[in-house]
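Enquirer: make a model of this:
(2 chains)
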There are 2 protein chains.
Amino acid sequence: MEKKELARLEIWKQLALHAAGFDAPERHLRHLTQDPQRLAHFSASGGGLFLDLSRQRLDHKAMELLVKLARQRDVMPKMRQMATGATVNTTENRSALHMAARDFSGSAIAVSGADVMPEIRRVRDEIRRFAADVHDGRVVGSTGKRFADVVVIGIGGSYLGTEFVAEALKADAVEGVRLHFLSNVDIHCFGRIADAIDPERTLWVVISKSFTTAETMANAAQARAYMQEKGLDPSRHTVAVTAKGSPGDDGRQPALAVFHMFDFIGGRYSVTSAVGGVPLSLLFGYERFERFLKGAEEMDRHVLTAAEDQNLPLLAALTSLWNHNFLGYTAGAIIPYAAPLHKLAPHIQQLNMESNGKSATADGRLLDVETGPFLFGEPGTNAQHSFFQLAHQGRAFPIEFIGVLQPQPAYRGYAHRSRGVSNHQELYANLVAQAQALALGRDGDEAARRFTGNRPSTTILLNELSPENIGRLLAFYEAKTVMEGFLWGINPFDQFGVELGKQLAAGIREKMAAMNADPAATFDDLDPISRHYLERLFAAAK
Amino acid sequence: MEKKELARLEIWKQLALHAAGFDAPERHLRHLTQDPQRLAHFSASGGGLFLDLSRQRLDHKAMELLVKLARQRDVMPKMRQMATGATVNTTENRSALHMAARDFSGSAIAVSGADVMPEIRRVRDEIRRFAADVHDGRVVGSTGKRFADVVVIGIGGSYLGTEFVAEALKADAVEGVRLHFLSNVDIHCFGRIADAIDPERTLWVVISKSFTTAETMANAAQARAYMQEKGLDPSRHTVAVTAKGSPGDDGRQPALAVFHMFDFIGGRYSVTSAVGGVPLSLLFGYERFERFLKGAEEMDRHVLTAAEDQNLPLLAALTSLWNHNFLGYTAGAIIPYAAPLHKLAPHIQQLNMESNGKSATADGRLLDVETGPFLFGEPGTNAQHSFFQLAHQGRAFPIEFIGVLQPQPAYRGYAHRSRGVSNHQELYANLVAQAQALALGRDGDEAARRFTGNRPSTTILLNELSPENIGRLLAFYEAKTVMEGFLWGINPFDQFGVELGKQLAAGIREKMAAMNADPAATFDDLDPISRHYLERLFAAAK
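Expert: Take a look at the predicted model:
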């Protein structure tokens, strides 16, 4: 077990010392990028992606030290242990086997001595058959009509990743199928979905590992009441994705089908399991879902086999650590120049901030350095017309740009050119220009028109927005997140930080329920601030 | 003209000194909130909203000093100068008269001696008539069909605020009208809208003050080509919102109607002008748009007349400054517990980060303190299942919660209760619980289950999501943003920081156009990194 605190490690001190020299003018990106070999030395390809760190504030020495840190922190051995079923989620005594969900190698992966792959393959087969049955009209609603609207009821890890993939690959949707996400318990969300769907042709997919998540259960109950009111049989309009033996799996809530999820795959890492598999296969067919899985699998192989200094997620994780722990940046943005990736940033916000927004180490001590940065993002060029003023002239923050070489085939026909270029070229020109402008800046006499430059960015390049590439991108970010956690020595798989709020909400809910049951009840035993809010809520409803 | 730098002001030093004492245990929110008068002392109502700062790390002394700072910085006099047409946008030599756009007082507001109100009223009348003509079928498409799809072509300030309001009030939409936003130049965006609309029944609203914005012009050209291909007359399917005399106003691009915008209202402050007025009136009728304006007007009156220590936007701006300049927070989140407000955070991201993400003062010097924080946000409870792990146990950041007492009438009928409470109550219980959990925290022996607390938040309360309240909320954030700018002494109305990227993109676009025109051209005179990206783009397209 690691005994030293991070900041007292010799390698950490060396990195800090090296970083301290990075304010020198000769380390400005304006100068670093003048090296004609800059791109060759600070970029790598692997797992189907291209990663360009040439506009990061890195030099060879920094990279060497960072790779050395990765070795000392056993990142690669831990990744391999994770992939082979070791109990890397130590605080919850679980494995973290999201990679197994897209493993087509045929090898066994054992948890507590038992191979998990047969179960994973069984669930994949069930999804394949069910999606085909829905698409071919063998499974229909209780009034005999084919399903057209699919409503996913799930929150956090039960929907954000799926939404990212669904939005990215919407162009491939099966004709006539529409996917909706009912995540928030807010009744406006339910109401807007009810406005948009045809209830007789709607399939509800309820996703919750425990089948006790408050929001998901409230929405599922609302949906059942709605179906009953419409004269439909809820059991013939609902499927569940849940853990074996949960209240959604024991027959108390009859459903068309139940697909299992496993405790060795955490919510935010679950897109390649049944959590993503069921909705995505219903949206664009199991075959495309499998292509997506195979892209993720390819990235996993790269993650587990590439050398440290050529390993894309590791290089990205180390760069992130360098930026946040050594150069002092507190935030980071994800800016895809590809609008179909518009839900990537919200997914990564959860994946990364929930995994690494922690102050305790995996072995139960308080960490002496900061961990997860604030992540946010919008697609370019939209972001340029929004918060990029600040990116260029305010507090600096590192950016991950994502570029795509070719638009999706469905839209290549819109070929009108403006100012001599296609829309896609215009978009790409801006991608190239922004990374350059941020890095180089521009001197000027006027303060308002001066650009300091030296603002770091990474660029990730995809050939196109295919299912495989979306899988690669997803697996890249999953691996990067886990590696950051391993570098810091925290457990990127638990989330104890959400518990206190849940417990307090349960107490307030009880007070409300008591008042609903007996209007003579009071909120007198609450603290004055909470009491004020509850009294106003009930007064407004009168 | 202000001569001292901010950090050398006596009041600034006093604030810094006072803030330095805030790490003391007796200043922990756990203790501050025990005062039974805490809420009464640190909350205020005005302009139709309720603002609760009781969970901010503030005491009476801090508030006194902050209000003193506001007075010394002449915030209120500057706001009044702004409202009456003074040239507060000094770097661009313009007024900033977004308040005039919702002024129904009948008083004159002069810019360079001329009253602008007749023009503003003229445009409002034109919008009212045009929206009614569309809704009543007096204005129809070139094949005689009524308009049903309205596509806004505009980017940044020409759409983000409108999108926020449209999403918030979608429940009020005129039957059969659907509003789409085509902002990004990404061809996927155009393609997805083309997939969703009925071209014969589509009205395109092209919004650009200069009518030269690259993305908007490319999308408008794409739309014209598309209409022509469908055999439609673009001039009978298009309206423009643009400045008088721009290329969109001079008849070169014939349109059904042209609505003027004015150089005294900047893009990100333009929602209450024709920029928001045309699309929003088409979506839910001019009458509701005017109710929205009147809510904003009410907040403006509050802004201009309330005492400093009761002035909601000023209190919020001062709290923001306190948090970011004195307590050291670098980010902030906007978390509405109201899903229809899901586009508020992207709007405020632009409004605030583009206004205040600057390092130059209005009088042309470099500022010695940090300005705009990183802003992001998602609706609660979704955010709880995403990045709130970090909010509770990672790097702290202040949060602005927004609560709503009653759901929109359209959805009150979904009344199924779970665990004894309605969905709306469940949502509200979480709002109350999160602010409390963040403030109080919880001790514990186990590092992973320890909550340090003392994490500040504001809560803004609305009675309901009415047009008036959305107007109030919008005007609140506009005023808060401008006041922050005035406190720092920067110009919150310009955005020179976006220029360098635009210029570099223009150069790259030219190279691409040359290559499109002559495939024998090369990218040899570009820097090696840009060349790499351009060569890959053109290789992929072959």
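Enquirer: who are the packing partners of the host helix or strand of A:Val432?
Expert: Counting by DSSP states H and E, the element that carries A:Val432 is helix A:423-440. Counting contacts by 3 or more CB pairs under 8 Å, 6 or more residues apart in numbering or on different chains; DSSP states H and E, helix A:423-440 is packed against helix A:29-32, helix A:388-393, strand A:399-406, strand A:457-464, helix B:187-196, helix B:214-229, helix B:499-517, helix B:528-540. C-beta here means a position set from N, CA and C on the backbone, and glycine is covered the same way.
Enquirer: parallel or antiparallel, which strands does the third one pair with?
Expert: Applying DSSP bridges, strand A:399-406 is found paired with strand A:331-336 (parallel), strand A:457-464 (parallel).
Enquirer: re earlier: out of the helices and strands packed on helix A:423-440, the one nearest A:Ala360 is which?
Expert: Closest approach to A:Ala360 among those (CB to CB): strand A:399-406, 26.8 Å.
Enquirer: and the average pLDDT for that closest one is what?
Expert: Averaging the model's pLDDT scores along strand A:399-406 yields 98.
Enquirer: report the distance from it to the chain centre.
Expert: 17 Å (CA atoms, centre = their mean, to the nearest Å).
Enquirer: residues contacting that strand, please?
Expert: Residues outside strand A:399-406 that contact it (CB atoms under 8 Å, 6 or more residues apart in numbering or on different chains) are A:316, A:332-338, A:341, A:344, A:380, A:391, A:412, A:424, A:428, A:431, A:434-435, A:438, A:455-465, A:473, B:533, B:536-537, B:540-541.
Enquirer: tell me what angle it forms with helix B:528-540.
Expert: Taking axes from the mean of the first three to the mean of the last three CA atoms, to 10 degrees, strand A:399-406 and helix B:528-540 form an angle of 30 degrees between their directions.
Enquirer: okay if I get the strands paired with strand A:399-406 as TSV plus distance to A:Asn184?
Expert: TSV is the format used below for the strands paired with strand A:399-406 (distance: least, CB to CB, whole Å):
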stretch	distance to A:Asn184
strand A:331-336	22
strand A:457-464	30
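Enquirer: dump the ones you listed to a markdown table, plus mean pLDDT.
Expert: Supplementary listing: the strands paired with strand A:399-406 in a markdown table, determined by pLDDT from 0 to 100:
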| stretch | mean pLDDT |
| --- | --- |
| strand A:331-336 | 98 |
| strand A:457-464 | 98 |
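Enquirer: drop anything exposed from the contacts of strand A:399-406.
Expert: Buried members of these, scored by 16 or more other CB atoms under 10 Å in any protein chain shown, are A:316, A:332-338, A:341, A:344, A:380, A:391, A:424, A:428, A:431, A:434-435, A:438, A:455-462, A:465, A:473, B:533, B:536-537.
Enquirer: all helices for the stretch 1-150 of chain A, in order.
Expert: For the stretch 1-150 of chain A, the helices defined by DSSP state H, counting those that start in this stretch occupy A:10-20, A:29-32, A:38-41, A:60-72, A:75-83, A:117-135.
Enquirer: which single residue of the stretch 1-150 of chain A ends up nearest chain B?
Expert: Distances between the stretch 1-150 of chain A and chain B by CB to the nearest CB are smallest at A:Leu39, namely 5.0 Å.
Enquirer: ok, that residue - how many residues close by?
Expert: Burial of A:Leu39, expressed as a neighbour count using other CB atoms under 10 Å in any protein chain shown, amounts to 20.
Enquirer: isn't it up against B:Arg531?
Expert: No: with contact defined as CB atoms under 8 Å, A:Leu39 does not reach B:Arg531; the gap is 9.2 Å.
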